[in-house]
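Novice: Structure for the following, please:
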Amino acid sequence: MTNDLATLMRQAQDDDPLLALHATTALRREIERLEAVQVRRARVAGWPGRRSPTPSA
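Specialist: Residues are numbered from 1 along each chain as shown. Predicted coordinates:
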């Protein structure tokens, strides 16, 4: 399975529930990885601790 986000998004909506579940799991892992990268970047930039951003609704 690829880790291309656009492909994973399409697969997450597939009619095959097993494919959709695998793609959803891969998306979750990638989002968690991206979050960790951004937290590291914020810390390097001097932001104190891990703060949740305010959602822009």
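Novice: For residue 5, the count of nearby residues, please.
Specialist: Neighbourhood size, residue 5 [other Cβ atoms under 10 Å]: 13. To be clear about C-beta, it is placed using only N, CA and C from the backbone, and glycine gets the same treatment.
Novice: Tell me the spacing between it and residue 14.
Specialist: According to Cβ to Cβ, to the nearest Å, residue 5 stands 15 Å off from residue 14.
Novice: Ok, residue 26 next?
Specialist: The gap separating residue 26 from residue 14 is 13 Å, by Cβ to Cβ.
Novice: Compare these two (neighbour count), which wins?
Specialist: Neighbour comparison, residue 26 and residue 14: the larger count goes to residue 26, with 19 against 13 (by other Cβ under 10 Å).
Novice: residues contacting residue 11?
Specialist: 1, 19-20, 22-23 (Cβ atoms under 8 Å, 6 or more residues apart in numbering).
Novice: so what pLDDT did it get?
Specialist: Per-residue pLDDT puts residue 11 at 96.
Novice: again with residue 52
Specialist: Confidence score, pLDDT, at residue 52: 62.
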